[in-house]
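this is a predicted model, with the sequence first.
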Amino acid sequence: MSTIVVERNRGGSRDLARRYKVYVDNELVGRLWAGKHLEVDVTPGEHRVMLKIDWKGSNEVVVNLGSEDTAVLECLPGGTAASALGDLLSERPYIYLFLAETRIDERGPTMESS
């Protein structure tokens, strides 16, 4: 099984008391508070990750994971509390989502001796 980890930075006051909805392959897999992280087990292969709050959301990040690999994504608000109203009306992402790290399982296949 592979894993996708989404980490939400605590910085700033925008959306501090609200949870972001986390979607993997267009399926809601959890909600994320500021300063927390969410781990989702997925099958190996390509997966699309996106966050939403109300009708706005993040950019989509595509990860391609091998067996036992882990992708760590980080998210943060796309602006400040003061810019929130204008950001709701703009075309840019309300939340920024990016791939921070990919942990590759380098152990490879194991062989059992008899």
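Received, thanks.

all contacts plus neighbour counts: C-alpha atoms, from now on.
Noted.

surely residue 71 is in contact with residue 7?
No - in this structure, residue 71 is not within contact of residue 7 by Cα atoms under 8 Å, at 10.8 Å.

show me the contacts for residue 37.
Residue 37 sits next to 5-8 when contact means Cα atoms under 8 Å, 6 or more residues apart in numbering.

any chance of TSV for the residues you listed, columns pLDDT and neighbour count?
Shown next, in TSV, are those (pLDDT from 0 to 100; neighbours: other Cα atoms under 10 Å):
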residue	pLDDT	neighbour count
5	97	19
6	98	25
7	97	21
8	94	21
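
of those, just say which sits nearest to residue 42.
residue 5 (10.5 Å; Cα to Cα).

how close does the closest one get to residue 88?
Counting by Cα to Cα, to the nearest Å, the gap from residue 5 to residue 88 is 26 Å.

and residue 61, by the same measure?
Residue 61 is 21 Å from residue 88, by Cα to Cα.

got it, and residue 60?
Distance, residue 60 to residue 88, by Cα to Cα: 18 Å.

name the element residue 86 belongs to?
helix 84-89 (DSSP states H and E).

so what's the gap between the following helix or strand past that helix and the chain middle?
The C-terminal neighbour of helix 84-89 among helices and strands, as given by DSSP H and E, is strand 95-103. Centroid separation between strand 95-103 and its chain, computed with Cα atoms, centre = their mean, to the nearest Å, is 7 Å.

cool, stretch 23-42 as well?
6 Å.

tell me the span between the first and last residue of that stretch.
12 Å.
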